[in-house]
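Participant: Need coordinates for the following:
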Amino acid sequence: MATEHFTQESFEQQVIGGKGLALVDFWAEWCGPCRMLGPTIDELADELDGSVLVGKVNVDEQSDIAARYGVMTIPTVILFKDGEEADRSVGFLPKQRFLDMIEKAK
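Facilitator: Residues are numbered from 1 along each chain as shown. Predicted coordinates for the structure are as follows:
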């Protein structure tokens, strides 16, 4: 399943208004560690195949969402469960860290 690229509207509908787990990568084009993490996020989207919503928020384009969740450093990955923040990680981390976050939140 493809990685979702959230706008304000789709974030509200799919992440905040959604049920289940959503893994959201807060990133920017100019951020080197974000570009390094991008393929990992895409792999997770493919591997989780819809069992967890996986998407990205471009902090330059969607700064209101980033501010709402206090994202000061990127990449920041936030795991939401039923619209509420369940866990977060900051910086470039291995894929297993995100899988562990998801497993813990189930």
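
Participant: Just give me the longest helix of the chain.
Facilitator: In the chain, taking DSSP state H as the definition, the longest helix is helix 32-48.

Participant: what's the next secondary structure element after that helix?
Facilitator: Moving toward the C-terminus from helix 32-48, the next helix or strand (DSSP states H and E) is strand 53-58.

Participant: Could you tell me the average pLDDT over that next one, please?
Facilitator: Confidence over strand 53-58 (mean pLDDT, whole number) is 97.

Participant: Please enumerate residues in contact with it?
Facilitator: Contacts with strand 53-58, where a contact means CB atoms under 8 Å, 6 or more residues apart in numbering, come from 1, 3-6, 11, 14-15, 18, 20-29, 38, 41, 44-45, 48, 65-66. Bear in mind the C-beta positions are built from the backbone N, C-alpha and C, glycine included.

Participant: just the strands in this protein please.
Facilitator: 4-5, 21-27, 53-58, 76-81, 84-90 (DSSP state E).

Participant: Bridge partners for the most centrally placed residue in the chain, pull those for me.
Facilitator: In the chain, the residue lying closest to the centroid (CA atoms, centre = their mean) is residue 24, at 1.1 Å. With DSSP bridges as the criterion, residue 24 is bridged to residue 55, residue 78.

Participant: Give the buried residues for stretch 18-26.
Facilitator: Buried residues in stretch 18-26, counted by 16 or more other CB atoms under 10 Å: 18, 21, 22, 23, 24, 25, 26.

Participant: Now find how far off-centre the longest helix of the chain is within its chain.
Facilitator: What separates the centre of helix 32-48 from the centre of its chain is 10 Å, taken as CA atoms, centre = their mean, to the nearest Å.

Participant: Against residue 96, how distant is the residue of the chain most remote from its centre?
Facilitator: Taking CA atoms, centre = their mean as the measure, the residue most remote from the mean C-alpha position of the chain is residue 30, 17.6 Å away. Counting by CB to CB, to the nearest Å, the gap from residue 30 to residue 96 is 27 Å.
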